[in-house]
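**Student:** sequence first, then the predicted structure, then my questions.
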2 protein chains.
Amino acid sequence: MSALKSLLEKPAEWLTGQREESEMVLSCRVRLARNLDKCPFTHMARPSALREIGDEIKPILQKSPSLEEAFIINLNEISEPERMILMERHLISFDMVKNFRNRALVVQLGEKLSVMINEEDHLRLQSMESGLSIQQAYEIIDRLDNEIDERLLYAFSENLGYLTACTTNVGTGLRVSAMVHLPGLVLSNEIGNVIKSLSNVRFTVRGMYGEGSEAMGNFFQISNSITLGLSEEETVKNLETYVSNLLEFEKRAREDLLKEARSLLEDKICRAYGILKSARLVTSKEAMGLISEVRMGVGLGIINTVSIADLNELLIMIKPMHLQNLYGRTMGSRERDRARADYIRTRLG
Amino acid sequence: MSALKSLLEKPAEWLTGQREESEMVLSCRVRLARNLDKCPFTHMARPSALREIGDEIKPILQKSPSLEEAFIINLNEISEPERMILMERHLISFDMVKNFRNRALVVQLGEKLSVMINEEDHLRLQSMESGLSIQQAYEIIDRLDNEIDERLLYAFSENLGYLTACTTNVGTGLRVSAMVHLPGLVLSNEIGNVIKSLSNVRFTVRGMYGEGSEAMGNFFQISNSITLGLSEEETVKNLETYVSNLLEFEKRAREDLLKEARSLLEDKICRAYGILKSARLVTSKEAMGLISEVRMGVGLGIINTVSIADLNELLIMIKPMHLQNLYGRTMGSRERDRARADYIRTRLG
């Protein structure tokens, strides 16, 4: 069985949603950007240099205890739809779907830990966890970073810290982010004000698939914007505080909605569930919105016949390439909408 | 138990929808307008005259074999909400809800046969049947008409026929109508053209509650406009032909929709069913539209877990006054929307 097939057999472990705050925090992610010393950055490197960089990195990753059960997937050895599946699983960037030559992904079974090779930086270490376990994700990635550091010379400046292709990453090379689910703030039209009031040059709010992506299904990705002048521990702590504040606002918004418009809210949520269980055609965008409403319903105790984990998994499984993979064939948009509706009905029984 | 309570215990028999064409024809109705000879028409009569007219008519109706199991309901003896229930059941006119003094309804259990006393005319005989059984409804009402005629002198002119308060009823005093369900023609945007192409001064197309009412839920009431110069038999035959033609158009529209947009149609129908089974708040108008779509789904074999009869009954039961009666209390609009949604969910299991 190919590495990719083994990977797709199970949902990613960070989707399990078993933590207390999982109703409102889908997952968190810690990423470290690292580059090899004395090698041109990816965007400056010729193909032969990229190949050499990859050849240097791969054996080292294979020897890292943290990546004991990991696969190496060379992106030129898989098809574009397969690369898109990896992107839908948040394992590689959109850029790597198209720029795949001499690029590779090293990923641990369960997908909690992975490394992109020759993305914007030579190494992009990524750790994903369920809920707001940023500290835990940070510890895992810090261990891997140390393991690599023992065997490889990183591009590093005493003054600036880790050197990276983009200046926003210079310093710790650290980006921590949380995928939060804020339907209460969206429904009560408060999301804009809350984000503005919490706004801080140190944090960025984006859609589910990062830069430039829309906030579909009321999911927002919150991440730090600055890596220079702050320790890694401070960065982690700051994001935890920021997200915790956001969750307080979301909780209050949900309470207010329940108090002021309980029946409207129940109606909205139950209809969303009813439509998911009965539609025969559904677009990815509509499905995201409906799943988002049901997800809030589970959080509020209005719906109890489906779990947060199942809904999290649905969010990934209904993506176009995942559906095609599931049905084993390329599908047009209408056919996919039908397959998506069928799949959702089966899953929600 | 009061007459009204006995009546409300069971759905009207004309809702049973067991005939072949019942998918597309909810019911048909035959009505005869009659007046007593040498008495002022209702709108010209003083209260004392109206009382006398009622007193003359009631014993005669009670002796009619056709009305053996009928109740007399004096409209001043019941409340306005109760009168509205009778209107929602198509037993009395909207006008009689407000103008109820010296007015009465005589209605056979099962509601297939009834007589309004002192509506626009002194006597309005009405027979309702399931499906397109106009001939059958006509025979039933003709029998009652003859029974009354033996004991009462009708206002009649050799030249004009039966004399009525409104000139459009002069002649036979006959109005035949069918309540048709045409979602296929509405969905395919052909309804306007079809009605225009079949248009004929002899027929009128209206909404579900007659004159001035909106065509909610894709239900249309087709009736003859002219009563003068045509025999009763011709009038019945003509309407049967007109409605049969309309049904052919509806059938073709449904076939075309299935051929050209089967998945869209299935999706629409299944979503409507899903929403009805899950909503927590639903207005009367939305419910009518959703029931209409599910009804078409039953007709097309897409839905087979609910019967036409159940859906027909729902159309009446979800009306505001029926709901209040069911829940035994006066309700505001929001509370009614919730009660309606609850009732529908219970009925659709």
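**Tutor:** Okay, I see it.
**Student:** when you work out contacts or count neighbours from here on, use the C-alpha atoms and nothing else.
**Tutor:** OK.
**Student:** what's around whichever residue of the stretch 51-200 of chain A sits closest to chain B, how many residues?
**Tutor:** The nearest approach of the stretch 51-200 of chain A to chain B comes at A:Leu187, 17.6 Å away (CA to the nearest CA). The number of residues packed near A:Leu187 is 15, by other CA atoms under 10 Å in any protein chain shown.
**Student:** by contact count, what packs against the lengthiest helix in chain A?
**Tutor:** Longest helix of chain A, by residue count under DSSP state H: helix A:232-276. Under the contact definition 3 or more CA pairs under 8 Å, 6 or more residues apart in numbering or on different chains; DSSP states H and E, helix A:232-276 sits against helix A:134-149, strand A:174-181, helix A:183-187, strand A:219-224, helix A:284-299, helix A:333-348, helix B:232-276.
**Student:** can you rerun that using 6 Å?
**Tutor:** Judged by 3 or more CA pairs under 6 Å, 6 or more residues apart in numbering or on different chains; DSSP states H and E, helix A:232-276 is in contact with helix A:183-187, helix A:284-299, helix B:232-276.
**Student:** got the angle between it and helix A:284-299?
**Tutor:** 100 degrees (axes from the mean of the first three to the mean of the last three CA atoms, to 10 degrees).
**Student:** contact partners for A:Met288?
**Tutor:** Contacts for A:Met288 (CA atoms under 6 Å, 6 or more residues apart in numbering or on different chains) come out as A:Gly217.
**Student:** tell me where the stretch 51-200 of chain A has helices.
**Tutor:** A:80-88, A:94-98, A:134-149, A:183-187, A:191-197 (DSSP state H, counting those that start in this stretch).
**Student:** turn the ones you listed into a markdown table, including distance to A:Glu68 and mean pLDDT.
**Tutor:** Listed next are those as a markdown table, based on distance: least, CA to CA, whole Å; pLDDT from 0 to 100:
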| stretch | distance to A:Glu68 | mean pLDDT |
| --- | --- | --- |
| helix A:80-88 | 20 | 95 |
| helix A:94-98 | 24 | 95 |
| helix A:134-149 | 11 | 96 |
| helix A:183-187 | 39 | 93 |
| helix A:191-197 | 40 | 83 |
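**Student:** neighbours of the nearest residue to A:Ala12 once chain neighbours are set aside, how many?
**Tutor:** In this structure, A:Ala12 finds its nearest non-sequential neighbour in A:Gly110, 5.0 Å apart by CA to CA, 6 or more residues apart in numbering or on different chains. By other CA under 10 Å, the residues close to A:Gly110 number 20.
**Student:** can you get me a residue count around A:Arg101?
**Tutor:** When neighbours are counted by other CA under 10 Å, A:Arg101 comes out with 16.
**Student:** need the contact list for it.
**Tutor:** Contacts for A:Arg101 (CA under 6 Å, 6+ apart) come out as A:Asn76.
**Student:** tell me how far the spatially most central residue of chain A lies from B:Asp37.
**Tutor:** For chain A, A:His90 is the residue whose C-alpha lies nearest the centre (CA atoms, centre = their mean; 4.7 Å). Counting by CA to CA, to the nearest Å, the gap from A:His90 to B:Asp37 is 87 Å.
**Student:** which of the residues in stretch A:125-132 are buried?
**Tutor:** A:125-132 (16 or more other CA atoms under 10 Å in any protein chain shown).
**Student:** report the contact partners of A:Arg51.
**Tutor:** Counted by CA under 6 Å, 6+ apart, A:Arg51 has contacts A:Asn102.
**Student:** typed the wrong thing, it's A:Ala165
**Tutor:** A:Asp121.
**Student:** read off the pLDDT value for it.
**Tutor:** Per-residue pLDDT puts A:Ala165 at 95.
**Student:** any idea how far it is from A:Leu290?
**Tutor:** 39 Å.
**Student:** and for A:Arg101?
**Tutor:** From A:Arg101 to A:Leu290 the distance is 38 Å (CA to CA).
**Student:** what does A:Glu250 give?
**Tutor:** For A:Glu250 relative to A:Leu290 (CA to CA), the value is 18 Å.
**Student:** go on, A:Leu163?
**Tutor:** With the distance defined as CA to CA, A:Leu163 ends up 43 Å from A:Leu290.
**Student:** swap in A:Ser333?
**Tutor:** Relative to A:Leu290, and taking CA to CA, A:Ser333 is found at 19 Å.
**Student:** how about A:Leu32?
**Tutor:** 34 Å.
**Student:** circling back: neighbour count: A:Ser333 and A:Leu290, which is higher?
**Tutor:** With neighbours defined as other CA under 10 Å, A:Ser333 and A:Leu290 compare such that A:Leu290 has more, 22 against 12.
**Student:** can you check the pLDDT for the more buried one?
**Tutor:** pLDDT, A:Leu290: 96.
**Student:** and it, what does it touch?
**Tutor:** So A:Leu290 contacts A:Ala272 (CA under 6 Å, 6+ apart).
**Student:** now with 8 Å?
**Tutor:** A:217, A:272-273, A:275-276 (CA atoms under 8 Å, 6 or more residues apart in numbering or on different chains).
**Student:** from those, which is closest to B:Leu152?
**Tutor:** A:Ile275 (59.3 Å; CA to CA).
**Student:** ok, that closest one touching B:Leu276?
**Tutor:** No. The criterion here is CA atoms under 8 Å, and A:Ile275 misses it with B:Leu276 at 9.8 Å.
**Student:** any stretches of the stretch 201-349 of chain A with poor pLDDT?
**Tutor:** Counting by pLDDT under 70, the ranges of the stretch 201-349 of chain A that qualify are A:201, A:208-215.
**Student:** ok so, going back, residue contacts, the residue nearest to A:Ala12?
**Tutor:** Applying CA under 8 Å, 6+ apart to A:Gly110 gives the contacts A:7, A:10-14.
**Student:** kindly check the end-to-end length of stretch A:317-333 for me.
**Tutor:** Taking CA to CA as the measure, stretch A:317-333 stretches 16 Å from start to finish.
**Student:** backbone phi and psi for the residue nearest to A:Glu13 when sequence neighbours are not counted, please?
**Tutor:** Computed as CA to CA, 6+ apart, the closest residue to A:Glu13 that is not its neighbour in sequence is A:Gly110, at 5.1 Å. In terms of degrees, to the nearest 10, the main-chain angles of A:Gly110 are phi 100, psi -20.
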